[in-house]
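>>> pasted the sequence and its predicted model underneath.
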Amino acid sequence: IGVTGVQTCALPICNTVTYGSGVGWFTVSPVTGEIGVDGRQVLTGTVSSASLAAGVYVATNTITSSATNSPQIVVVTLTVTKASQAAITFIPTTPQTYNTTNALSASGGSGTGAFSYTVQSGPGSMVGATNLWVTNGTGTIMVRATKAADANYTSAFTDANVVAQKATQTITSRSEEHTS
C-alpha cells in the first residue's frame, strides 16, 4: 500500500485494522508514520493464516490523517482452504479364511474425522461398521479405509488388499459295528 502526499508540510498518518472475522491475522506497518512534504509512505500488510480454520476472512485497514481525503480504506479478503490430511496407515490382516470376520482399524490422517471402511472389490463384505467378512473361499478383497473431512481437512483414503483363502475342511466319519 503506498500513500503519497502532495502538501506543503509533513502529514501524520495512522493505520487501524478492524476484522469482520478472525482476529490478528492481518497487520500493517508502520502503524503510525509521517508523510514528508511531497513525500511517500509505504505501508506493508502481513497475513498470518496459521491459526485460522478454513473459511473466508475480511479485514479493513483504515488510514487516517488530517488530509481532506481522509480516511482511506483498504479491504483485505483472505480465503483459507482445507488442507490435505497426513498419510493414513491401514494394514488389515491377510490372508483371511472363508466365512470369518476380521476387525479393521486404521490410524493417521489429520483432524477429527472418523474412519469408515468399504469393500471396493472381491469376495468380501462389511459386517457392521468395521468387520470384514470373507464371503467366498478365494480371491483378493480390496478394502478402503476413509477418514472423513472436518472443518480444516479434506477427506482422505487408502486401499489395502486382503487375500481370501479357503477354510480347512473337516470330515468326520462314524464307525458302525456290523454283526453277522
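Good, I have the coordinates. Keep in mind it's a predicted model, so treat the numbers as computed, not measured. Numbers count the residues shown, from 1 in each chain.
>>> from here on, just use CA atoms for contacts and neighbour counts.
OK.
>>> helices of this protein, start to end?
Remark: helices of the chain are absent; assignment by DSSP state H.
>>> where does it have low pLDDT?
Filtered on pLDDT under 70, the chain yields the residue ranges 1-10, 36-38, 178-180.
>>> pick out the residue closest to the middle of it.
Centroid-nearest residue in the chain: Y153, 1.2 Å away (criterion: C-alpha atoms, centre = their mean).
>>> distance of the closest residue to T97 other than its chain neighbours relative to S116?
Nearest residue to T97, sequence neighbours excluded (C-alpha to C-alpha, 6 or more residues apart in numbering): Q165, at 4.8 Å. According to C-alpha to C-alpha, to the nearest Å, Q165 stands 24 Å off from S116.
>>> ditto for T140
Taking C-alpha to C-alpha, one finds T140 at 20 Å from S116.
>>> give me the more crowded residue out of the two.
For T140 versus S116, neighbours defined as other C-alpha atoms under 10 Å are more numerous around T140 (20 against 16).
>>> burial count for the nearest residue to that one once chain neighbours are set aside?
Beyond its immediate neighbours in the sequence, the residue positioned closest to T140 (C-alpha to C-alpha, 6+ apart) is V163, lying 4.6 Å away. Neighbour count of V163, defined by other C-alpha under 10 Å: 18.
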